[in-house]
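Q: when you get a sec, could you give me coordinates for this:
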Amino acid sequence: MLSKKTLEDSLAEAAETVGDREEDLNAARLRLSEAERELRLLAELAQIRGVKLPQAARQGAEVPLSLVNGAAAGRSLSRSKSVLLNAVVEILEARGEPMQIQDLMAAVRERQIPIPGKGAQANLIAHISRDPRVVRPRRGFYGLAAWGLKDTTPAPRASRRRRPGGSR
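A: Now for the predicted structure:
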């Protein structure tokens, strides 16, 4: 049987290893994000100038192929959305309790993860509110559905249509 001291030391060592791996993962995500952005920009410039990407640049690279074929934005954008959503879930899991949107925004920016759109809080809210893993337990706060929190996001209003040629 493991002694209490051995178990405590092992837990501390495992926690340190997890922390180191998270730092490595965040650094790799940042490098990947930067490389994808550079690739998108170069592919866009090539498209504007009427230059096709060389075969070597296209092999095994889903992003440039989609850009060259014109179906670009959807795939690369959905990829960046999933990176963003996974990061938000990781941030919330690490915190262990709901976070205010401005704190969540700061944590995402600290990890240097791009937010699709203008990068404003409204863009972050628009993306995380569509993910079933994330809920809004109260105004301005976001947490994880896995915690058993109830989502208090108001249901969208039904639009009122005006009758053609008539008054309200």
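Q: pretty sure Asn123 belongs to a helix, no?
A: Yes - per DSSP: H, G, I helix; E, B strand; the rest coil, Asn123 lies within a helix segment.
Q: Ile115 is in contact with that one, correct?
A: Yes - the pair Asn123 / Ile115 is scored as a contact, 5.1 Å apart, by CB atoms under 8 Å. Placement of C-beta: from N, CA and C, glycine included.
Q: of these two, who's got more company?
A: Set side by side, Asn123 and Ile115 give different neighbour counts by other CB atoms under 10 Å, the larger being at Ile115 (21 against 15).
Q: now that one, what are its backbone angles?
A: According to degrees, to the nearest 10, the main-chain angles of Ile115 amount to phi -110, psi 120.
Q: quick one: contacts for it?
A: Leu84, Val108, Asn123, Leu124, His127 (CB atoms under 8 Å, 6 or more residues apart in numbering).
Q: try 7 Å
A: The neighbourhood of Ile115, defined by CB atoms under 7 Å, 6 or more residues apart in numbering, consists of Leu84, Val108, Asn123, Leu124.
Q: generate a PyMOL selection restricted to the buried subset of the residues you listed.
A: One line in PyMOL is enough to select the buried members of the contacts of Ile115, burial here meaning 16 or more other CB atoms under 10 Å:
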select buried, resi 84+108+124
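Q: before we move on, which element is the most centrally placed residue in the chain in?
A: Closest residue to the average C-alpha location of the chain: Leu84 at 0.8 Å, with CA atoms, centre = their mean. Counting by DSSP states H and E, the secondary-structure element that holds Leu84 is helix 72-95.
Q: lowest-confidence helix or strand of this protein?
A: Ranked by mean pLDDT, DSSP states H and E, the helix or strand of the chain with the weakest confidence is helix 62-68, at a mean of 40.
Q: follow-up on the earlier one: list the contacts of the residue nearest to the centre of the chain.
A: For Leu84, the contacting residues are Val108, Ile113, Ile115, His127, by CB under 7 Å, 6+ apart.
Q: next, Pro154: secondary structure please.
A: Secondary structure state of Pro154, per three-state DSSP, is coil.
Q: in the protein, which spans are strands?
A: Remark: strands assigned in the chain by DSSP state E are 99-100, 134-138, 141-144.
Q: just name the most buried of the ones you listed.
A: Burial among the strands of the chain, expressed as mean neighbours by mean count of other CB atoms under 10 Å, is greatest for strand 141-144, which shows a mean of 21.
Q: dump the strands of the chain to a markdown table, plus mean pLDDT.
A: Converted to a markdown table, the strands of the chain look like this (pLDDT from 0 to 100):
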| stretch | mean pLDDT |
| --- | --- |
| strand 99-100 | 97 |
| strand 134-138 | 95 |
| strand 141-144 | 95 |
